[in-house]
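Participant: with the input below, show me the fold.
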Amino acid sequence: MSPAAVSTSKWDAGDYARVGAFVAQLGGAALDLLDPKAGERILDVGCGEGTLTKKIIERGATVLGIDNSPEMIAAARANGIDAVLMAAEDIPFTSEFDAAFSNATLHWVLEKEQAARAIFRAVKPDGRFAGEMGGEGNLAKLREALDDELIIRGYAPPVEASNWYASPEEFAAVYEAAGFREVDARLIERPTPIEHGVAAWVTTFRKGWLDRAGVPEEERAEIGAAVADGVGSNIADYVRLRFIMRKPT
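Facilitator: Numbers count the residues shown, from 1 in each chain. Okay, here's the model as predicted:
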């Protein structure tokens, strides 16, 4: 739900809870794919403020949440979640979890091979890893509109990507190399209405991009409004990559 490894911004947990509530709501299908069972111990990679973590707990599992955002960890703990500050690539556990779960996080993890190996180590033999992330083509229109607006205003968009929006083939290759088998990864086009509007999405979800482009805080709301005008709707062109895989016995 928030960056769990190489961070591109400092997240404001209050803004995320207000503007980004839809992210957890749309993660329900990935949670169903995980199908947590009572008594299982599950690792939530990128737990954010803990909305989906609580839903896993409600199904009877014990959950440890990790996130590399101090703001998100504080919010998760305030929600009663057992959560620790940790990047995905630094997960130190060995065969401690029946399953791992991740929603809207792995596209922030640029140390993807290291993270895949760490998640593989963390789950028990025959353990599973299920979740969802941004996939190939995710937010292409919105990202292009933002970069165009930055260039118009004299800012240079960052050269290096802040996200890994993988194809199913790319994703499977990384996780199979880490040792997982039976990798099922598929793209799902999901145009999503943004309740608080595209302008708020820009200032919340692309905060790190604006940080790296050197945009002063006082200009960001205006840039967000201009991007919203250019896009002409409050629909975000989300493309998700939903996955499940298993660690061999």
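
Participant: from Gly131, how far out is the most centrally placed residue in the chain?
Facilitator: Nearest residue to the geometric centre of the chain (CA atoms, centre = their mean): Thr105, 2.0 Å. Thr105 sits 8 Å away from Gly131, going by CB to CB, to the nearest Å. The C-beta positions use only the backbone N, C-alpha and C, and glycine is treated the same way.

Participant: identify the contacts common to those two.
Facilitator: Val45 (CB atoms under 8 Å, 6 or more residues apart in numbering).

Participant: now the residue nearest to the centre of the chain. Nearest residue, chain neighbours left out?
Facilitator: Using CB to CB, 6 or more residues apart in numbering and skipping the chain neighbours, the partner closest in space to Thr105 is Gly46 (2.7 Å).

Participant: go ahead and confirm that neighbour touches Trp108.
Facilitator: Yes. Using CB atoms under 8 Å, Gly46 makes contact with Trp108 at a distance of 7.5 Å.

Participant: ok, those two, which is more surrounded?
Facilitator: Neighbours around Gly46 and Trp108, counted as other CB atoms under 10 Å, are more numerous at Gly46. The numbers are 29 against 25.

Participant: ok, the more buried one to Ile244 distance?
Facilitator: Here the criterion is CB to CB. By it, Gly46 lies 17 Å from Ile244.

Participant: what about the nearest residue to Pro248 once chain neighbours are set aside, how many neighbours?
Facilitator: Closest residue in space to Pro248, ignoring its immediate chain neighbours: Arg181 at 5.3 Å, by CB to CB, 6+ apart. Residues within reach of Arg181, counting by other CB under 10 Å, total 11.

Participant: how about the contacts made by Arg181?
Facilitator: When contacts are counted by CB under 8 Å, 6+ apart, Arg181 is found next to Met245, Arg246, Lys247, Pro248.

Participant: ditto for Leu146
Facilitator: In this structure, Leu146 makes contact with Pro157, Val202, Arg206, Trp209, Ile223, Val227, judged by CB under 8 Å, 6+ apart.

Participant: tell me the secondary structure at it.
Facilitator: Going by DSSP: H, G, I helix; E, B strand; the rest coil, the secondary structure assigned to Leu146 is helix.

Participant: cool, Asn138 as well?
Facilitator: coil.

Participant: ok, it - contacts?
Facilitator: Contact analysis of Asn138 by CB under 8 Å, 6+ apart lists His107, Asn163, Tyr165, Asp237, Tyr238, Val239, Arg240.

Participant: beta partners of the last one?
Facilitator: Per DSSP bridges, residues listed as beta-bridge partners of Arg240: Gly134, Ile188.

Participant: tell me if I'm right that it and Arg190 touch.
Facilitator: Yes. In this structure Arg240 lies within contact range of Arg190 using CB under 8 Å: 5.6 Å.

Participant: higher neighbour count, those two?
Facilitator: The residue with the greater number of neighbours, taking Arg240 and Arg190 and applying other CB under 10 Å, is Arg240; the counts read 24 against 16.

Participant: re earlier: can you redo the contacts of Asn138 as a markdown table with distance to Gly135, pLDDT and secondary structure?
Facilitator: Supplementary listing: the contacts of Asn138 in a markdown table, determined by distance: CB to CB, whole Å; pLDDT from 0 to 100; DSSP: H, G, I helix; E, B strand; the rest coil:
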| residue | distance to Gly135 | pLDDT | secondary structure |
| --- | --- | --- | --- |
| His107 | 8 | 95 | helix |
| Asn163 | 11 | 91 | coil |
| Tyr165 | 6 | 96 | coil |
| Asp237 | 12 | 94 | strand |
| Tyr238 | 9 | 92 | strand |
| Val239 | 5 | 95 | strand |
| Arg240 | 6 | 95 | strand |
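
Participant: just put those in a markdown table and tack on distance to Gly28.
Facilitator: As requested, the contacts of Asn138 are exported to a markdown table (distance: CB to CB, whole Å):
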| residue | distance to Gly28 |
| --- | --- |
| His107 | 18 |
| Asn163 | 22 |
| Tyr165 | 21 |
| Asp237 | 20 |
| Tyr238 | 15 |
| Val239 | 18 |
| Arg240 | 12 |
